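1. Provided below are the primary sequence and the corresponding predicted coordinates.
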Amino acid sequence: MSRLLARFDLQFPAFHLDVELDVPMSGITAVFGPSGSGKTTLLRCLAGLERAPHGFMKFGDEVWQNERVGCCLPLYKRPIGYVFQEPRLFPHYDVRANLLYGYKRIPVEERRIAIEQVVEILGIRHLLDRRIHKLSGGEQQRVAIGRALLTSPKLLLLDEPLASLDIQRKQELLPFIRQLHEQLHIPVLYVSHGLTEILQLADRVVLLKEGRVVSIGALNEVFTALDFRGTLGPHRIGAILDARVTSHDPPYGLTQLEFMGQSLFVSLQPIAIGQPMRVHILSSDVTLVVERVNSPTSVLNILEATIVEIREIDHASVDVLLDIGAPLVASITKKSLVTLGLKSGQRVFAHIKAVAVNEEFSE
Amino acid sequence: MGTLTDLDLSALWVSVRLATMTVIVLLIVGTPLAWWLAHTKSRMRPIVEAAVALPIVLPPTVLGFYILVALGPYGPLGRIAHVSLAFTFTGLVIASVFYSMPFVIQPLQSAFEAAGNAPLEAAWSLRASKVDAFLTVISPIALRGYISAIVLGFAHTMGEFGVVLMVGGSIPGETRVLSTTIFEHVEVMEYAQAHTISAFMLAFSFFVLLAVYIANRRFPIHVS
C-alpha cells in the first residue's frame, strides 16, 4: 500500500511546527489536536502552500518536495483536492461553473470522477444553476467539496470543512464525507479539533500537540493509550469499537450488536442487520467486577476482559487498560482497585453503563 | 458659447488618444506593480508606494520639467530612442503614464488587497497555474478596481495641463490637447470658445466621477 511520508520543520514568530509523518494512504486519516497545535499548518505544508526550508514529502512513489535538491512542486501541479475551512467558492461563477473549474483543467484521461457522481453523492443537483451568494453555508461547503473531488485527486485534504457550520449542518455533511470516501476510494486527511467528527469518520488518527506529532495509529489505539490522557481533554474515551448489527428489538427500543464474539446493546438504530456500526464507551461508564454476577443485574452490557495495565491518574483514581479483543479503558477509584485486588493479567468482567452511538456523543 | 473649430476638435481627438494610450500602458505596467504592492512583505514597499503617489502632490511643472529633461536628446529616454521625444505625442504618453500612475495603481492595489490570497489558493488547488488563477479568478473579483482604475486614469489624463505644457508644448494635431486649447483661447480673448470646452470638461469630469461612485456602490461582480 502506498504511504505518505513527510518531514517539515517550520519556524514562525510564535509557533514551531516540527513533524515527521508516515501514514498509509488509504481510508480517512484524522489530524487531531487542540487549536494552535499546527493542524492547518501541517496541511498547508502538505499542499505546498507553506514551504518548510528543509522539508521533504513523498506521496507513494512521487516526491513532491525535496529541499536538498531545492524541489517543491507548486500546489497546482499536485494531484490534491483541498477543502478549506471556509468554502472559498468563486463569487463570479454559478455553482456549475465552480464545480467545473478544476474539472476543465485536468487532462481528459485523468478524469476518474464524473460530475453526475459528485452531484449525486453530495445532493447538489437542485443547486447547479444558483449563484453562490444564494447558498447556505452547508450548501457552499458541499459545492466546495464537489469542486475539489472533480479534479480526481489522489489525495483529499479537508481542513475542518465543518467548522463554520452548526451542529445540524454538520450531521448533514458527515455522511457525505464518509460516503464519498467509500465510493470514490480517495485517501483523505481530515483536520479537526472536533472529537465527534473524528470518532464518526476516521480510520486512524495523527495526534498533534504544540506543533509535534504525539502519536499516530488506529483510532482505538491512540484514543485508549494511557499516555495521552492529557492531550484529549476532559472526556476520556474508553473504547472505540467497530461492531456489527445482529438484531433489533423494537418493543424494548434496543439494537443488539456483536463485537469479537461478545454482544452489546444500544438504543434502537436505523441500521440494517449485518451492517457495521461504530460505537464508543467513556472510561467513566465502565465498572469492573471480579466474578460473573449470577444474580440478575440491570446492566445489559457485560464484557469479559483481561487487565493489561494499570496507570495512576491522580491521588484518588486510576485508569485500567483492558483487553476485550480491542483496548478498553476503565477509570476507577484507587480504593476500588485495592478492595478488588486488581492486577495485570487478571480476568475481570466489565459492566458498561452506557454505550454511546456516535451521533449522540457530545463534546 | 462658441462653436468648436477644427482645431478644437483635433485637440479633443489628441486628448482622447492620449488618455486611451496612457490607460492601456498603465494597465499593462500597473497590474504587476499593484499586485506586488498588495502582496509583498519587502521593506521597499513604502518607498515604492510613496514614489507612485508623488504625482498627486508634486506640482505638474516639476514632474514635467524632469520628464522633459529625460526625454530630450541627451536624456536617458531620448538616448534609448535615438531621437528627442520632447514635444512629440509619444513623449506626451510617457509623461502621462507617470502623471496618472497613482490613479491606476491605487485602485488596483486596494482591489487586490481586498481579494486576498484565499481565492488564489483555491484556484491553485483546482490546478490553475498562477497566470490562469489571476486571469480567471482574481481579475473578475477585482473588476471594480479595474473599472475605477480605467475611468480615473482616463479622466485624469484628459484633465492634465501643466505636464502637457512642459513636455508637449501645444502643437496642433500632435500635442495640443483640450486643456491647453482652453489656455490658448483665453490668451487671445476667445472666451466663448474657452467656455464651450471648459463646460464640456466640467460635465465630462463630473459624469466620470459619478459613474465611478455608482459602480463602486453597486456594480455586481458576476461575470459568467
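-> Good, I have the coordinates.

2. domain ranges for chain A?
-> As assigned by automatic domain parsing, chain A contains the domains A:3-231, A:237-360.

3. most packed of those?
-> Greatest average neighbour count among these goes to domain A:3-231 (a mean of 19), per mean count of other CB atoms under 10 Å in any protein chain shown. Using the backbone N, CA and C atoms, a C-beta is placed for each residue, glycine as well.

4. is that one anywhere near chain B?
-> Yes. For domain A:3-231 and chain B, the contact criterion (CB under 8 Å from any CB of the partner chain) is met by A:47, A:49, A:74-76, A:80-82, A:84, A:86, A:88-94, A:97, A:101-102, A:105-106, A:131, A:147-148, A:151.

5. can you map out the helices along the stretch 51-200 of chain A?
-> Using DSSP state H, counting those that start in this stretch, the helices of the stretch 51-200 of chain A run over A:95-103, A:115-122, A:137-149, A:167-184, A:195-201.

6. Columns mean pLDDT on top of those, output as CSV?
-> As requested, the helices of the stretch 51-200 of chain A are arranged in CSV below (pLDDT from 0 to 100):
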stretch, mean pLDDT
helix A:95-103, 96
helix A:115-122, 88
helix A:137-149, 92
helix A:167-184, 77
helix A:195-201, 83
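
7. so which of the ones you listed gets nearest residue B:212?
-> Closest to residue B:212 of the helices of the stretch 51-200 of chain A is helix A:95-103 (CB to CB; 28.5 Å).

8. so what secondary structure elements neighbour that closest one?
-> Contact here means 3 or more CB pairs under 8 Å, 6 or more residues apart in numbering or on different chains; DSSP states H and E; on that basis helix A:95-103 packs against helix A:115-122, helix A:137-149.

9. Kindly reformat the ones you listed as CSV containing distance to residue A:192.
-> Output for the helices and strands packed on helix A:95-103, formatted as CSV (distance: least, CB to CB, whole Å):
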stretch, distance to residue A:192
helix A:115-122, 19
helix A:137-149, 14
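
10. Contacts only, for residue 197.
-> Unless you meant another one, I'm taking chain A. Applying CB atoms under 8 Å, 6 or more residues apart in numbering or on different chains to residue A:197 gives the contacts A:30, A:162, A:170, A:174, A:190.

11. that's the wrong chain, I wanted chain B
-> B:4, B:8, B:178, B:181-182, B:185.

12. And those, which is closest to chain A?
-> Nearest to chain A out of these is residue B:178 (CB to the nearest CB; 36.7 Å).

13. thinking again about what came up before, what's the most distant pair in the contacts of residue B:197?
-> B:4 and B:182 (11.9 Å).

14. out of those two, which sits in the busier spot?
-> Comparing residue B:4 with residue B:182 by other CB atoms under 10 Å in any protein chain shown, the one with more neighbours is residue B:182, at 22 against 16.

15. Report the separation between that one and residue A:164.
-> Separation of residue B:182 from residue A:164 (CB to CB, to the nearest Å): 58 Å.

16. Hmm, residue A:145 and residue A:161 touching each other?
-> Yes. Contact criterion CB atoms under 8 Å: residue A:161 and residue A:145 qualify, at 6.6 Å.

17. For these two, list the residues in contact with both.
-> Residues touching both residue A:161 and residue A:145 (CB under 8 Å, 6+ apart) are A:83, A:177.

18. just to revisit the earlier point, which one of the helices of the stretch 51-200 of chain A lies nearest to residue B:85?
-> Nearest to residue B:85, of these and by CB to CB, is helix A:95-103 at 45.4 Å.

19. chain center to the closest one: distance?
-> Once both centres are worked out by CA atoms, centre = their mean, to the nearest Å, helix A:95-103 turns out to sit 28 Å from its chain's centre.

20. who are the neighbours in contact with residue 12?
-> Assuming you mean chain A. Going by CB under 8 Å, 6+ apart, the list of residues near residue A:12 reads residue A:41.

21. meant chain B, my bad for not saying
-> Contacts of residue B:12 were listed using CB under 8 Å, 6+ apart, and they are B:4, B:178.

22. before we move on, the earlier item: closest one to residue B:60 among the helices and strands packed on helix A:95-103?
-> Among the helices and strands packed on helix A:95-103, helix A:137-149 comes nearest to residue B:60, with 49.7 Å by CB to CB.

23. Pull the residues that contact that closest one.
-> A:81-84, A:87-89, A:95, A:98-99, A:101-102, A:113, A:118-119, A:122-124, A:127, A:132, A:135, A:156, A:158, A:161-162, A:164-165, A:169, A:172-173, A:176-177, A:180, A:184, A:186, B:125-126.

24. and it, C-alpha only, in CSV?
-> C-alpha atoms of helix A:137-149 as CSV (Å, rounded to 0.1, in the frame of the first residue of the first chain):
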residue,chain,number,x,y,z
GLY,A,137,-23.1,27.7,4.5
GLY,A,138,-23.6,24.0,4.4
GLU,A,139,-24.5,24.1,0.7
GLN,A,140,-21.5,26.1,-0.1
GLN,A,141,-19.2,23.7,1.7
ARG,A,142,-20.8,20.8,-0.2
VAL,A,143,-20.1,22.6,-3.5
ALA,A,144,-16.5,23.2,-2.3
ILE,A,145,-16.1,19.5,-1.6
GLY,A,146,-17.6,18.6,-5.0
ARG,A,147,-15.3,21.1,-6.8
ALA,A,148,-12.2,19.5,-5.2
LEU,A,149,-13.4,16.0,-6.0
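
25. Between helix A:95-103 and that helix, find me the angle.
-> 30 degrees (axes from the mean of the first three to the mean of the last three CA atoms, to 10 degrees).

26. quick one: helix A:137-149 to chain centroid distance?
-> The answer for helix A:137-149 is 19 Å, by CA atoms, centre = their mean.

27. again with stretch A:105-116
-> Relative to the centre of its chain, stretch A:105-116 is centred 28 Å away, using CA atoms, centre = their mean.

28. Same check on stretch A:33-45?
-> Centroid separation between stretch A:33-45 and its chain, computed with CA atoms, centre = their mean, is 15 Å.

29. can you check stretch B:188-204 too?
-> Relative to its chain's centre, stretch B:188-204 lies at 23 Å (CA atoms, centre = their mean).

30. could the helices of the stretch 51-200 of chain A be laid out in a markdown table, adding distance to residue A:221?
-> Below are the helices of the stretch 51-200 of chain A laid out as a markdown table (distance: least, CB to CB, whole Å):
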| stretch | distance to residue A:221 |
| --- | --- |
| helix A:95-103 | 36 |
| helix A:115-122 | 30 |
| helix A:137-149 | 29 |
| helix A:167-184 | 21 |
| helix A:195-201 | 14 |
